[in-house]
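Asker: just to be clear, the model below is a prediction. Sequence and coordinates:
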Amino acid sequence: ALRGSLRWMPDERRLVDLIVNYERDRPSAMALKALRFAPSEPVSGRLLGDLDRSGGVALSGREEGGLPAPLGLDRTLASAALLVDWRLGGGWKLSSVTGLRRFDADERQDADGTGLPVVSILEETRAWQASQELRLHFDGDARWSGFMGVNVFHERGTQRATFVHDERLLLARFVDAITPVPQPLGVLTDDDALAAWVASYAAAHGLTLPAGQAQAIAARLKPTYVEVNQNFGDTRSYEAFGELVWRPVKRWEITVGLRYSRDEKESAVATSSPLGASTLGGLVMASASPAAPALLERLAKGDLGGQGLVFQPTAGNGGRVGHHLDGDGWSWRLAVLHAPTNDLRLYASYARGRRPTVLVAAAPSAPYGPARFPIVPSEVVDSIEAGVRYRAPGGRLHLTGGVYAYDYRHFQTTKAVAGVLRTLDVGDADGLGF
């Protein structure tokens, strides 16, 4: 990591700071450990460890062609900030904050946490941000002070996740054929065993597969099946804000703040199966369909219909599809502070906070179908708080107490859905506390 800063003081009223940061990290990737399957050597099946959380792991990574690839994270962060303070006189001051940031990260990890090459993920992230804020302060009067300003923010980024699956091993996992100490690869990828597991999977869904059909489907399972899910985001935000502090009489202070925000968002998604459709995905889809017999017969003949396993491909097997969303809203706060003595302060506040509407880009629900763009409504929270702060004479004892209540609407949270983090609306929430 490197940091450099430069300060320029052209005169007593003006101050300019330039701060530049650069950081590169190359740690090991996030280490996941399966707590059901002991670490083992995949070819021989030799036991290498135990299920203890603090014990060692046996991990592996693969690139898109199926060849071994090193695990790890390579991340670069760079930023520059230009800070300007200009005292205009008469209690007025103008501040400017200009920011530029860039983030690049490549992380390859073993997503199954076992010694077997079941699922490997390469996540490539690129992001760029620029922001500008101007703020005008006033604090030259015993009764009045405050500030007002504007802010402009622009972010452009993309996240590309490549999933490399061994469909044969995934099928073994689906039918609980992998033992606590995993068998050698030769056992788990045996043709007869795979055919039996295909039939077992179908039987679990109330279907009976002829032996020849099960063998044909098993023979088409891919040792290296690849899915790519890439999302794109372009966000422009504009804000105008202000706060006013009024001291009507001695020991009383009233603060009022208001903020207006507008967001313009463009989200897009592109999903693909670069090495062809998924046989296992076809088996999963067909077994759950009312038309299962006909679909399974087609699957045995190699008619996969472009079926994906986790993500269904967009049009053209990777075409980019986007959607635009604009939104705006207000937030504010009102606070009252009273200091009966120099050692006692009473306060109360009411505030409304807001997180903007989220536009989620999701893969199609069927191969080559329309991409999905669910909208998560803006999160709004109203909160009330009142409290007291006391400092005993001499400063050896400080006491603070308060009560609060909040009410959330359209509470936003993040959850992993099909291996990808999504923002979800989980409804309303309220609470009381002290």
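Answerer: Done, it's in.
Asker: skip ahead from the helix-or-strand element of the chain with minimal mean pLDDT and say which helix or strand is next.
Answerer: None of the helices or strands of the chain scores lower by mean pLDDT, DSSP states H and E than strand 420-425, at a mean of 72. Sequence order places strand 429-433 as the next helix or strand after strand 420-425, per DSSP states H and E.
Asker: partner strands of that following strand and their direction?
Answerer: Applying DSSP bridges to the sheet, strand 429-433 is found paired with strand 398-409 (antiparallel).
Asker: so residue 205 is in contact with residue 287, correct?
Answerer: Yes - counting by Cβ atoms under 8 Å, residue 287 is a contact partner of residue 205 at 4.2 Å. Placement of C-beta: from N, CA and C, glycine included.
Asker: neighbour count: those two, which is higher?
Answerer: Comparing residue 205 with residue 287 by other Cβ atoms under 10 Å, the one with more neighbours is residue 287, at 20 against 13.
Asker: contact partners for the more buried one?
Answerer: Residue 287 makes contact with 201, 202, 204, 205, 207, 296, according to Cβ atoms under 8 Å, 6 or more residues apart in numbering.
Asker: now render those residues as JSON lines, adding distance to residue 219.
Answerer: What follows is the contacts of residue 287, written out as JSON lines (distance: Cβ to Cβ, whole Å):
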{"residue": "201", "distance to residue 219": "15"}
{"residue": "202", "distance to residue 219": "16"}
{"residue": "204", "distance to residue 219": "21"}
{"residue": "205", "distance to residue 219": "21"}
{"residue": "207", "distance to residue 219": "19"}
{"residue": "296", "distance to residue 219": "14"}
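Asker: pull out the buried members of these.
Answerer: By neighbour count, with 16 or more other Cβ atoms under 10 Å, the contacts of residue 287 hold 201, 202, 296 as buried.
Asker: would you map the strands across the stretch 251-400 of the chain?
Answerer: 252-272, 321-341, 344-355, 358-359, 375-376, 379-391, 398-409 (DSSP state E, counting those that start in this stretch).
Asker: pick the most buried one from the ones you listed.
Answerer: strand 358-359 (a mean of 22; mean count of other Cβ atoms under 10 Å).
Asker: within its sheet, name the partner strands of that strand and how each one runs.
Answerer: When DSSP bridges is applied, strand 358-359 pairs with strand 375-376 (antiparallel).
Asker: contacts for the strand it pairs with next, please.
Answerer: By Cβ under 8 Å, 6+ apart, the list of residues contacting strand 375-376 from outside reads 325, 357, 358, 359, 360, 410, 412, 423, 424, 425.
Asker: average model confidence for it?
Answerer: Within the predicted structure, the mean pLDDT of strand 375-376 is 88.
Asker: kindly report the same for stretch 150-168.
Answerer: Taken as a whole, stretch 150-168 has a mean pLDDT of 97.
Asker: cool, and stretch 389-407?
Answerer: Rounded mean pLDDT across stretch 389-407 is 92.
Asker: list the contacts of that stretch.
Answerer: For stretch 389-407, using Cβ under 8 Å, 6+ apart, the contacting residues are 343-345, 347, 381-388, 428-434.
Asker: for it, the distance to its chain's centre please.
Answerer: What separates the centre of stretch 389-407 from the centre of its chain is 37 Å, taken as Cα atoms, centre = their mean, to the nearest Å.
Asker: same check on stretch 268-277?
Answerer: Relative to the centre of its chain, stretch 268-277 is centred 21 Å away, using Cα atoms, centre = their mean.
Asker: contacts for it next, please.
Answerer: Stretch 268-277 has contacts (Cβ under 8 Å, 6+ apart) with 64, 222, 224-233, 304-308, 311-314, 317-323, 361-364, 367, 371.
Asker: from the residues you listed, list just the buried residues.
Answerer: Buried among these by 16+ other Cβ under 10 Å: 64, 222, 224-233, 304, 306-308, 311-314, 317, 320-323, 361-364, 367, 371.
Asker: out of the residues you listed, which sit inside helices?
Answerer: residue 317 (DSSP state H).
Asker: quick revisit: quick one: which of the strands of the stretch 251-400 of the chain is nearest residue 137?
Answerer: Within the strands of the stretch 251-400 of the chain, the stretch nearest residue 137 is strand 252-272; the backing value is 13.7 Å (Cβ to Cβ).
Asker: the closest one pairs with which strands, and in what direction?
Answerer: By DSSP bridges, strand 252-272 pairs with strand 225-246 (antiparallel), strand 321-341 (antiparallel).
Asker: CA-only coordinates of it in PDB, if you can.
Answerer: Extracted C-alpha coordinates of strand 252-272, given in PDB (Å, rounded to 0.1, in the frame of the first residue of the first chain):
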ATOM      1  CA  TRP A 252     -31.600  25.900  23.800                       C
ATOM      2  CA  GLU A 253     -30.800  24.700  20.300                       C
ATOM      3  CA  ILE A 254     -33.100  23.500  17.500                       C
ATOM      4  CA  THR A 255     -31.700  21.800  14.300                       C
ATOM      5  CA  VAL A 256     -33.700  21.200  11.100                       C
ATOM      6  CA  GLY A 257     -32.200  19.200   8.200                       C
ATOM      7  CA  LEU A 258     -33.600  18.300   4.800                       C
ATOM      8  CA  ARG A 259     -32.100  16.300   1.900                       C
ATOM      9  CA  TYR A 260     -33.500  15.600  -1.600                       C
ATOM     10  CA  SER A 261     -32.000  12.600  -3.600                       C
ATOM     11  CA  ARG A 262     -32.500  11.500  -7.200                       C
ATOM     12  CA  ASP A 263     -31.000   8.300  -8.700                       C
ATOM     13  CA  GLU A 264     -30.800   7.200 -12.300                       C
ATOM     14  CA  LYS A 265     -29.900   3.500 -12.600                       C
ATOM     15  CA  GLU A 266     -29.100   1.200 -15.500                       C
ATOM     16  CA  SER A 267     -28.800  -2.500 -14.700                       C
ATOM     17  CA  ALA A 268     -28.000  -5.300 -17.100                       C
ATOM     18  CA  VAL A 269     -27.300  -9.000 -17.000                       C
ATOM     19  CA  ALA A 270     -25.600 -11.500 -19.400                       C
ATOM     20  CA  THR A 271     -25.600 -15.200 -18.700                       C
ATOM     21  CA  SER A 272     -24.100 -18.000 -20.800                       C
END
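Asker: and it with strand 344-355, angle?
Answerer: 30 degrees (axes from the mean of the first three to the mean of the last three Cα atoms, to 10 degrees).
Asker: averaged pLDDT, strand 252-272. What do you get?
Answerer: 97.
Asker: now it, how far from the chain's geometric center?
Answerer: 18 Å.
Asker: equivalent analysis for stretch 82-95, please.
Answerer: Relative to the mean C-alpha coordinate of its chain, stretch 82-95 is positioned 38 Å out (Cα atoms, centre = their mean).
Asker: could you pull out the buried residues of that stretch?
Answerer: 82, 83, 84, 85, 93, 95.
Asker: farthest pair within those residues?
Answerer: 82 and 93, at 16.7 Å, using Cβ to Cβ across the buried residues of stretch 82-95.
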